[in-house]
Structures are given as C-alpha cells and as structure tokens.
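Student: My questions are about this predicted structure, shown below with the sequence.
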Amino acid sequence: MSEPVGVLLTALDSVFDELTHACATYSPSLVPEEIGIITSLSTGIATISGLPNLGNEELVSFKDDRLGLAFNVDEGEVGLILLCDYQDLHVGDEVRRTGRVMDIGVGNGLLGRVLDPLGRPIDGKPPPLTEHRLPVERPAPAIMDRAPVSVPLQTGLKVVDAMIPIGRGQRELILGDRQTGKTAIATDTILNQRGQNVVCVYCAIGQRASSVAKVIANLEEKGAMEYTVVVVAEGNNAPGLVYITPYAATSIAEYFMEQGRDVLIVYDDLTQHAQAYRELSLLLRRPPGREAYPGDIFYIHSRMLERSTHLIKDLGGGSLTALPIIETDAQDISAYIPTNLISITDGQIYLSPTLFELGVLPAVDVALSVSRVGSQAQKPAYRAVAGDLKLAYSQFEELETFAKFGTHLDDATRKTIDHGQRIRACLKQPQSQPLPVAQQIVVLIALQAGLFDQVPLDKVADGEGALQKALKTLPKDVAGRLTSEDKLSDEDRKTIVALAKGALAGFQPKPDPAPATKDAK
Ligand SMILES: Nc1ncnc2c1ncn2[C@@H]1O[C@H](COP(=O)(O)OP(=O)(O)OP(=O)(O)O)[C@@H](O)[C@H]1O
C-alpha cells in the first residue's frame, strides 16, 4: 500500500470513530421556540401576536430570512418596523424571535465599499470581510470619556476653515434649502481628507439613487473611496431601513474611532430620516406632536449625534466628527427639525439660496453660520487672520444693503464695501477643489493686508491663481510654519506680504497717464 493511501485510511478511521462516538452520546432535547403570526400589514410596518417574551428593539425573522424590528411592544400585540418589502409578507405568516438586537459587521474590510444598512454590499462586489459585529444602537460615550476638541478638521474650503472652523469630534450642522450645495460642502470635506489619516463614512438617507451614484462616482474619481465607507438607504427603500441607516453608519464609524482613528461621518440628510420616523410612528398610531412628528423626534437625533465625540487618550484618543445635513423649506431655519438640530449640534453652516443665485459658491451665509467649538482648535496662523476677516466681512454685509439704494457713499464706507467684495470673491471656490492649508492662509493674509483691494473684481480669481503659483517660491521654513502649530512671526508675515505683492502686481490697475502739460515738449 502506498504511503498517501495509508494516511487517507487512517484519517477516515478517526472520522468514523468520532461519528460513532457522537451517535452514541447524542440525546435529542426539545428547545421551546416562540412562534407568532402577522395580524396586520401596511407600508413599512406590521403587527404581530404570539411572541409574549419579545423584547423592545429585538429583531424578528419572517420566511426567507426577512427581518423586522420590535418597535411598539404592547400586551398581546407588537408593532414591528419592517426591514424588507411589505409586499413579500402576508397576514398569517409565521414570525420568530431571533434573541438579538439589530447589529452590523464592522472592520477595515468596509473601506471602499458601498453597503445597505444591514451590511449587505450594493456595489456588486462580494460581501465584505468584517472583524466584529456592533449593535446599531449604542450608548454615547460617558462624559468622563470625552476630551475637548483640540485638532482642526480642515474642510479645504476657505470660507469654512477661516470663518466657521470645525474641530475633530465636533458636530456641525449643514443646512439650507434644496439645491444650495449642502452635499457639495460635505463631499468636498471628504475629498480634503486624502492623506490626512481620517476615515470617512458617507451615509445617504432616503436620497434619490441618481444623486447617491453621482456622489460615489465623484469620490471614486478623486481617489477618496479608499478611505471611505458609503452606507445607503434609497428613497424607495422600506421606511424602516431608512430609519436605521444613520445608526448603522454611526456604528461603523465608531468602530474606527474606538481603534484610535479620526473619523468623519456625513448624514445626508436627517430631514429624510425624521420624515421616515414620522411615517412609521403615525402608522403605528403613536401620538403626533408638532408638525405631526412624534414627541421623541428630538431624542432620536440627539442620541445619535451624542455618539460623535473626541475620546480621551486612555481610550485611544480617536474622534468622530459629524456633519449632519438638514434641508430647510423656503429658508425657514426656525422650523421644528432645523431648530432641534441646531440646538443639538455645536454650530451650523447655513447656505443661502440668494447667494447661490448670485453665483457666490459655496453659498455660505457667514452671518447666520457659527462654530461653537472649532475656533479653539483652529491653527494659530489662521486665527491671526480669521478674526479681522470676519469683522470686515460682517461690516461689509451690513453696508452692502445701503449701497444698493444708490446713496452717495463717503470714502470710508466705499473702502469697506470694496474690501468686503474682494473678501467675498476670494472666498468663492469651485466644487471638488479643496485647497491645502498653506494656500488658504496666504490668500487670507494678502486679503487682510488689502493687497486685493485694487484688483478689479473680475480679476480676483486670476490674481489668486498667480498667488498660489508664487507660493512655490516661499522659503521652506516659512511655508512649514503655515501648517504647523507655531505662530507666524512678523518677519514671516512680511515675507508672505512681499511675495503676494509681487504676484498681484500684474493685476493692479495701471496708473492714469500723467496729463499732458503745455510745456512738456
Ligand atoms: N462650489 C460650487 N461650485 C460650483 N457648483 C457648485 C458648488 N457647490 C454646489 N454646486 C452645484 O450646485 C448644485 C447643487 O449642489 P448639491 O447637490 O450639493 O446641493 P444640495 O443642497 O445637497 O441639493 P439637494 O437639496 O438636492 O440635496 C449641484 O449641481 C452642484 O454641482
């Protein structure tokens, strides 16, 4: 007998022995299982009876592994939100307990992937490899586990980084009417995290499939998908799926934060989320409150956004920065959901449709925007210029209204308006072109020094381009200090101003030729 055949026979013997042993020791036991039935069904919800021990937020399974979530647990009847299409189910169908709450697979394998809120891939690739599973609903970190926000999160947008700075671990709301560039601000921020060691999670909630596809294509084209996870519930998905999406995305983001990483999560948008929750609550006959939203609408958003924080060093020092998006109706920022979110978050970026129409993009209304914690984390070089700039810009915005009436303006007012117009022109930025810190600061210093004031408005963008090019000739040590934690010295400022003067020289208006005099011959 050859050696391999001998080895095979020995292995078969041992398998046979184990099987004989297992059969000899097997004693069947009965495991009781609760089985309920569906008593009623409607869009997105179902009521069931017959599961007396079902816990709140426990998952139940229907035929073919379809899932539902216990939402209203009453004596004798349970209201479920369905995580599948209700058309696939029928009254009288069996329903079983799973004994677990809703959870999602998390891990590095999710980077670059597009998932639904149940963790299933929707990018046509095989299921992602995950290391752990985390419940989608988790308690927020305790107060003593939180560290102050101390590191900036650069968005790459001049207007935000200079005027409304965001720190890692902050929650900054982006709100505005439809089509005002809310998603563009969030995606530009994701693009700007390239090479910054920040993991990004883009959570699309109830959006049109074409809009989500556009965002994903943009992220892919700019090479941002390699550090990004996209979690999507489309507008035509079951409202239950839409409702759990931001919670699932937060758990994915939290995994990276708990590994000590800095994470950015974008919720696009929470208006759709609130509407999905309202739909489910009304169908389940929960009492409606203001604007027909259920009473706990504030709580569902605050418990989610409280999970974003900067953890203390002992817990790895990771951070989760949240950019929730809210769509306003006819610029009404005092509506119920926007005011709730404004009070939960650490500041807001308001996008004005009027500025958008005027072509001031990003259309950030600086007067109505604020960042409550980010300025503590702002780089010193920014801080040195941002204060002046904000003041000059708000003075300009006030005076601009008067200027429209064609009133005669004194020189000082004219100057303030001219300066403000240059600031506005310099803060404009095309989509998907985030700017590195050094380039932003040089433009802001030139603005502060009034070097743009003589540049004609239609030449500001060209002047800025020339300045960016000239930046290459800035001495290395000065360039290094622009991005470091050091303050810029007066010498550094002088060097930068001299460089900017040179770069902008070609854009200053030519002095009027001297009037010819009679004696000049
Ligand atoms: N800085 C910019 N420069 C040029 N175009 C921009 C800029 N920001 C946004 N846009 C354009 O404005 C349009 C609206 O942008 P976006 O989709 O981000 O708005 P939104 O408020 O998220 O829209 P929705 O309400 O549909 O969610 C898009 O066509 C986008 O390309």
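Tutor: That came through, no problem.
Student: Would you mind listing what in this structure touches the ligand?
Tutor: Neighbours of the ligand within the chain, by C-beta under 6 Å from any ligand atom: 176, 178-184, 327, 361-362, 429-431. C-beta: built from backbone N, CA, C; applies to glycine.
Student: Can I get those in JSON lines including pLDDT?
Tutor: Formatted as JSON lines, the residues of the chain next to the ligand follow (pLDDT from 0 to 100):
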{"residue": "176", "pLDDT": "96"}
{"residue": "178", "pLDDT": "93"}
{"residue": "179", "pLDDT": "93"}
{"residue": "180", "pLDDT": "95"}
{"residue": "181", "pLDDT": "95"}
{"residue": "182", "pLDDT": "96"}
{"residue": "183", "pLDDT": "96"}
{"residue": "184", "pLDDT": "96"}
{"residue": "327", "pLDDT": "96"}
{"residue": "361", "pLDDT": "90"}
{"residue": "362", "pLDDT": "94"}
{"residue": "429", "pLDDT": "94"}
{"residue": "430", "pLDDT": "94"}
{"residue": "431", "pLDDT": "94"}
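Student: So which of these sit within strands?
Tutor: If you go by DSSP state E, the residues of the chain next to the ligand have 176, 327 in strands.
Student: Return the members of the residues of the chain next to the ligand classed as buried.
Tutor: 176, 180, 181, 182, 183, 184, 327, 361, 362, 429, 431 (16 or more other C-beta atoms under 10 Å).
Student: Quickly check these for the two that are furthest apart.
Tutor: Pairwise distances across those peak at 22.1 Å for 327 and 429 (criterion: C-beta to C-beta).
Student: now for the residues of the chain next to the ligand, which pair is the farthest apart?
Tutor: Among these, 327 and 430 lie farthest apart (C-beta to C-beta), at 23.0 Å.
Student: How many residues are close by residue 13?
Tutor: Neighbour count of residue 13, defined by other C-beta atoms under 10 Å: 10.
Student: List the contacts of it.
Tutor: If a contact means C-beta atoms under 8 Å, 6 or more residues apart in numbering, then residue 13 has no contacts.
Student: Assign it to helix, strand or coil.
Tutor: At residue 13 the chain is in helix, as set by DSSP: H, G, I helix; E, B strand; the rest coil.
Student: that's a strand at residue 264, yeah?
Tutor: Yes: using three-state DSSP, the assignment for residue 264 is a strand.
Student: what bridges to it?
Tutor: Beta bridges link residue 264 to residue 200, residue 321, judged by DSSP bridges.
Student: Could you pull up the residues touching it?
Tutor: Residues in contact with residue 264 (C-beta under 8 Å, 6+ apart) are 153, 189, 190, 193, 198, 199, 200, 201, 320, 321, 323.
Student: Look at the fourth one and give its secondary structure.
Tutor: Secondary structure, three-state DSSP: residue 193 is coil.
Student: my read: it touches residue 202, true?
Tutor: No: taking contacts as C-beta atoms under 8 Å, residue 193 lies outside contact range of residue 202: 11.3 Å.
Student: pLDDT at residue 406, what is it?
Tutor: As predicted, residue 406 sits at a pLDDT of 64.
Student: and what of residue 516?
Tutor: 52.
Student: now do residue 317
Tutor: Residue 317 is assigned 95 on the pLDDT scale.
Student: how about the strands in the stretch 101-250 of the chain?
Tutor: All strands of the stretch 101-250 of the chain, identified by DSSP state E, counting those that start in this stretch, fall at 103-106, 114-115, 132-135, 173-176, 198-207, 228-234.
Student: For the stretch 301-450 of the chain, just list every one of the helices.
Tutor: Taking DSSP state H, counting those that start in this stretch as the criterion, the stretch 301-450 of the chain contains helices spanning 336-344, 353-358, 374-377, 380-403, 411-427, 437-448.
Student: Adding mean pLDDT, write those helices out as CSV.
Tutor: Shown next, in CSV, are the helices of the stretch 301-450 of the chain (pLDDT from 0 to 100):
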stretch, mean pLDDT
helix 336-344, 95
helix 353-358, 94
helix 374-377, 82
helix 380-403, 84
helix 411-427, 89
helix 437-448, 91
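Student: Quick check: which of the ones you listed is buried the most?
Tutor: Counting by mean count of other C-beta atoms under 10 Å, helix 437-448 has the highest mean neighbour count of those, with a mean of 23.
Student: So what touches the helix or strand just after that helix?
Tutor: Using DSSP states H and E, the helix or strand that follows helix 437-448 in sequence is helix 460-470. With contact meaning C-beta under 8 Å, 6+ apart, helix 460-470 is reached by 422, 425-426, 428, 439, 442-443, 446, 452, 455, 499-500, 502-504, 506-507.
Student: and the angle for helix 460-470 with helix 411-427?
Tutor: 60 degrees (axes from the mean of the first three to the mean of the last three C-alpha atoms, to 10 degrees).
Student: I'd like the next helix or strand past helix 460-470.
Tutor: helix 476-483.
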